[in-house]
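A.B. asks: Sequence and predicted model, in that order:
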Amino acid sequence: MSLAPPQPSSGVWPAAWKLLRLRLLISVNTFRRARWRSKLGTIILVLVVGGLMAFAFYATRLLLGFLRSPEFTAGVPDAAAFVNGLPVVILGTAFLGILLTSFGVLLQALYLAGDMDFLLSAPIPMRAVFLTKLLQAILPNFGLVCLVALPLLFGLGSVGGYNGAYYLLVVVALAALALAAAGLSSLLVMSIVRLFPARRVAEILGFIGAVVSILCSQSGQLANFSNVSGDQMLGAANLVARFNTPWSPLAWAGRGLVQIGEGHWVSGVGLLGLTFGFAGLAFGIALVSAERLYYTGWASLSGKQKRKKAPRPARAAHRRPLMAHAGRSLPSPVRAIISKDFAVLRRDLRNMSQMITPIILGIIYTVMLIRGGGEPPPGQGEAPEWFMSGFRNLLDYGNIAIALFVGWMLLQRLAAMGFSHEGRYYWLLKTAPVSASQLLASKFAVAYLPALALGWGFMLVLSLAQHASLATAASSFLIVGFCLAAVTSVNLAFGVAGAVFDWEDPRQMLRGSSGCLSTLASAICLPVCLAFFLGPVFGAVLLGEPELAGQVIGLALGGLVSTACALIPLFLVRSRVPRLAEG
Amino acid sequence: MPQTSPLIEMRQLVKRYGEKAAVDGVSLEVHAGEIFGFLGPNGAGKTTTIKVIVGLLQPTSGTVRVGGHDVQKEPLQAKASSGYVPDEPHLYPKLTGRELLRFVGNLYGVTGEQVERRIDELLRLFDLAPAADDTIDSYSHGMRQKTALAAALVHDPKVLVLDEPTVGLDPKSARLIKDLLRQMAERGAAVFLSTHILEIAENMCDRIGIINQGRLIASGTMAELRSLGKGESSLEDIFLSLTGGAEYAEIAEVLR
């Protein structure tokens, strides 16, 4: 049998279409072969998203209707400028959003995807591979942007009575801006990967992304919105109008859309034409540069990984790990696992980015608690004195709450994923003569010790800031120690039950159900343990007995319950450990 | 066959995945000082058998004893006496080669000066000393393979189980491994290795087992295997004859 020689795909677009069709086929097959529950979930998700879009559309109509009403415009003279500036803000935000968020996605798709060897060895033009990867990468972000921007822009068109061309061009403008943003982002990715290893860039990016996102999401907690004046509100509203300047390329698309919607065809088409021209230019440059930049970046990828590092100092070769000195009494395998886990956690920035969240949250809540000066918010002043007094007493133990919250968050990562974290390397532990108890003990220590250190660190700062008495501080430290031990054990037990070892993406480390149950169970365990510790203290105060007596009884009761919570879950899952990773 | 007690002993080993039997009633023995080659087509059950021996999988039925210990009843003792090199060397990428070897040594209870001395020996032996303090994510496939082998040897095991040990190695490293396995056998260890390279099995192994569709269809020395065939002299011919060569002829026809 002889086959005709294969014909390489000549054009960029036909080849790109072939690759996109392949991706579509994979998606369709994945859906077809999914379990019925998963299919149902996907359908429900699509319906919910559709419903949310419809809700956003009608909410926008209502809001914009109000903004255009005579009552509002009488009070706010620049209301029209604000409303007309909205498309500019929405499209500008969409562009900047895609530009910023697509960097990481493009880095993953262009350089870290598993199919690159196959694609680059096939007779497909490099630009087609680049184009397909680019489209695949930005499609989810574009979908999210459309999810928010389309209902808003359509709602605006509906309120303003814009013509049909506006609605069509909104979609086209969004797509053009998304392509331009992705093109610029890809140029940045390709340039950076020529200088730095892609995997390292991805790790650093993940760390920075986690820090920035948590800082942005929590910065509102520190802001004091209760004192915002009307003038400040107006100033914020005027910011929207300031975006709408004729010289800004980001404003052209929005202004052009409004002009076309209102029937000012010449100026509208001119502005949109400029937008499309710039978008096409940015995308074109990315596409043309891709042929050279992309290939050289990819080709040097493996070489960079193998590049020899500078030799370490000689003493590093025989340096003993800290754990070897710290825990002589522990069995050698337990010490080895703890030492290894700490080294791996410390060196992989992906882990650090997952663990930075509790630290930032802890700092924010610590600042809030200290700023409050230990006094509960007065509210309307109608609360009885006994309630306020109890609230004040509760705030005395606010440092425990913060320490436990921080520790609890950290344990979601360290304990619940203690086993899954091993991933494909688990065979080294499984084939070694390490008992289930030793494995559990080492994983417990790896999770518990950092959570305890962090929790105690926050508590020390708060106790000093609040001038807590020695007895209260000592009791608080013990409470945190016991409660975190219980939570560690609960999380670790669920981590054993839902362990996944064949993950590629760290976000898939734990089965969904186990992750949820672990969070839920530990969130229940924590207040239950805390109630046993603090219940007698509050009881003593209410009954007029010495607080110290309550603290002692609380420590005894809470200590017993926490110890039980720390031992029972591990005992229950001990028999599962030898069967882990057997598929 | 040597008259020593077997270091690896399997009796009617069965491993099922649902209805499918990946290993179906395999019984064999590997004695001290012996290199046993385990051959079979893709999907025949080689890796599953190996994973049961080293304790990565629990058998559905049957028994496996390693170093005289039942892998199910005395798993820690059985594991302590064996070293394992998997077909794909997945090693912690953020540890250095030296740290990995120290970690594995400590897991097996080798500590202090003893483990440091052993690490230095192995790093020199496998030509890994210059990269010993680099993290494993900077290693090539061959270097990882050699690191995995060094990790399997760090506690000087009585039983060595290797799944495709020469895949991805350069000729020099492959030769080193062959010599090393022979030395280990001469020092009284039992070596159990699976390979697709029949030349290695033919030249290195004292005895060979051939598994097909989960069943051990032949086992013995080269001379004993020859006597099972239909006059074939090479291991390749014997292997194809026993495991069925018709499909290879078809493939050749398609490619012609």
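C.D. replies: Ah, there it is.
A.B. asks: Please count neighbours and contacts with C-alpha atoms only from this point.
C.D. replies: Noted.
A.B. asks: how close does B:G83 get to chain A?
C.D. replies: Distance of B:G83 to chain A, given as CA to the nearest CA, to the nearest Å: 8 Å.
A.B. asks: Shouldn't that residue be within a helix?
C.D. replies: No. Counting by DSSP: H, G, I helix; E, B strand; the rest coil, B:G83 is not found in a helix; it is strand.
A.B. asks: What is the burial count for residue 204?
C.D. replies: This is for chain A. The tally of other residues near A:I204 (other CA atoms under 10 Å in any protein chain shown) stands at 17.
A.B. asks: meant chain B, my bad for not saying
C.D. replies: With other CA under 10 Å as criterion, B:M204 counts 17.
A.B. asks: I am assuming it contacts B:D179, so please confirm or correct that.
C.D. replies: No. Contact criterion CA atoms under 8 Å: B:M204 and B:D179 do not qualify, at 9.1 Å.
A.B. asks: Kindly state the domain boundaries assigned to the chain.
C.D. replies: Since no chain was named, I'll use chain A. A:12-219+A:237-304, A:354-579 (automatic domain parsing).
A.B. asks: Hmm, no, I was thinking of chain B.
C.D. replies: As recorded under automatic domain parsing, the domains making up chain B are B:1-81+B:157-230, B:91-156.
A.B. asks: Any idea how far the first one is from the middle of the chain?
C.D. replies: Put plainly, it is domain B:1-81+B:157-230. Distance of domain B:1-81+B:157-230 from its chain centroid, counting by CA atoms, centre = their mean, to the nearest Å, is 6 Å.
A.B. asks: what helix or strand does residue 182 sit in?
C.D. replies: Chain wasn't specified; assuming chain A. In the assignment (DSSP states H and E), A:A182 maps to helix A:164-195.
A.B. asks: should've been chain B
C.D. replies: Using DSSP H and E, B:R182 falls in helix B:171-186.
A.B. asks: what about the stretch 151-300 of chain A, any weak spots by pLDDT?
C.D. replies: In the predicted model of the stretch 151-300 of chain A, residues A:214, A:217-244, A:291, A:295-300 satisfy pLDDT under 70.
A.B. asks: closest point of it to chain B, which residue?
C.D. replies: Per CA to the nearest CA, A:R199 is where the stretch 151-300 of chain A lies closest to chain B, at 10.3 Å.
A.B. asks: Any figure for the gap between that residue and A:N351?
C.D. replies: Taking CA to CA, to the nearest Å as the criterion, A:R199 is separated from A:N351 by 14 Å.
A.B. asks: which one of those two has more residues nearby?
C.D. replies: A count of neighbours by other CA under 10 Å puts A:N351 above the other of A:R199 and A:N351, at 19 against 16.
A.B. asks: so the more buried one touches A:L345, yeah?
C.D. replies: Yes. Here A:N351 reaches A:L345: they are 5.8 Å apart, a contact under CA under 8 Å.
A.B. asks: what helices or strands is the helix holding A:A182 leaning on?
C.D. replies: If you count contacts as 3 or more CA pairs under 8 Å, 6 or more residues apart in numbering or on different chains; DSSP states H and E, helix A:164-195 packs onto helix A:79-111, helix A:126-160, helix A:249-261, helix A:265-299.
A.B. asks: Now with 10 Å, please.
C.D. replies: Packed against helix A:164-195, as judged by 3 or more CA pairs under 10 Å, 6 or more residues apart in numbering or on different chains; DSSP states H and E, are the following elements: helix A:79-111, helix A:126-160, helix A:198-222, helix A:249-261, helix A:265-299, helix A:301-306.
A.B. asks: Could you give the number of residues near A:C216?
C.D. replies: 11.
A.B. asks: Give the helix, strand or coil label for the residue nearest to A:A465 when sequence neighbours are not counted.
C.D. replies: Spatially, and ignoring its direct neighbours in sequence, A:A465 is nearest to A:I370 (7.1 Å; CA to CA, 6 or more residues apart in numbering or on different chains). Three-state assignment for A:I370 (three-state DSSP): helix.
A.B. asks: now do A:I124
C.D. replies: Assigned with three-state DSSP, A:I124 falls in the coil class.
A.B. asks: Can you give me the neighbour number for it?
C.D. replies: Applying other CA under 10 Å, we find 20 residues neighbouring A:I124.
A.B. asks: Repeat that for A:F444.
C.D. replies: The local packing of A:F444 (other CA under 10 Å) involves 23 other residues.
A.B. asks: Do you have the strands of chain B handy? List them.
C.D. replies: Using DSSP state E, the strands of chain B run over residues B:6-17, B:20-31, B:35-39, B:61-66, B:69-70, B:82-85, B:159-163, B:190-194, B:207-212, B:215-220.
A.B. asks: Any chance of CSV for these, columns mean neighbour count and mean pLDDT?
C.D. replies: Shown next, in CSV, are the strands of chain B (neighbours: other CA atoms under 10 Å in any protein chain shown; pLDDT from 0 to 100):
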stretch, mean neighbour count, mean pLDDT
strand B:6-17, 20, 94
strand B:20-31, 20, 93
strand B:35-39, 26, 94
strand B:61-66, 21, 95
strand B:69-70, 20, 94
strand B:82-85, 27, 95
strand B:159-163, 26, 95
strand B:190-194, 26, 95
strand B:207-212, 23, 92
strand B:215-220, 19, 91
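A.B. asks: Throw the ones you listed into CSV and include distance to A:L555, thanks.
C.D. replies: Listed next are the strands of chain B as CSV, based on distance: least, CA to CA, whole Å:
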stretch, distance to A:L555
strand B:6-17, 51
strand B:20-31, 55
strand B:35-39, 61
strand B:61-66, 50
strand B:69-70, 47
strand B:82-85, 48
strand B:159-163, 52
strand B:190-194, 57
strand B:207-212, 63
strand B:215-220, 62
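A.B. asks: Tell me if I'm right that B:M10 and B:R65 touch.
C.D. replies: Yes. Counting by CA atoms under 10 Å, B:R65 is a contact partner of B:M10 at 6.4 Å.
A.B. asks: ok, back up a step: for the helix holding B:R182, output the C-alpha coordinates as CSV.
C.D. replies: Extracted C-alpha coordinates of helix B:171-186, given in CSV (Å, rounded to 0.1, in the frame of the first residue of the first chain):
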residue,chain,number,x,y,z
PRO,B,171,24.9,4.4,25.6
LYS,B,172,27.5,5.2,28.3
SER,B,173,24.9,5.5,31.0
ALA,B,174,23.0,2.4,29.8
ARG,B,175,26.3,0.4,29.9
LEU,B,176,26.9,1.7,33.4
ILE,B,177,23.5,0.5,34.6
LYS,B,178,24.0,-2.9,33.0
ASP,B,179,27.4,-3.3,34.8
LEU,B,180,26.0,-2.0,38.0
LEU,B,181,23.1,-4.5,37.9
ARG,B,182,25.5,-7.3,37.2
GLN,B,183,27.7,-6.3,40.2
MET,B,184,24.7,-6.1,42.4
ALA,B,185,23.6,-9.6,41.4
GLU,B,186,27.1,-10.8,42.1
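A.B. asks: Identify each buried residue in that helix, please.
C.D. replies: B:173-174, B:176-178, B:181-182, B:184-185 (16 or more other CA atoms under 10 Å in any protein chain shown).
A.B. asks: Can you tell me which of those residues lies closest to B:M222?
C.D. replies: Each of these was scored against B:M222 by CA to CA, and B:R182 proved nearest at 17.0 Å.
A.B. asks: Okay, the closest one and B:I119: tell me how far apart.
C.D. replies: To B:I119, B:R182 is 21 Å away according to CA to CA.
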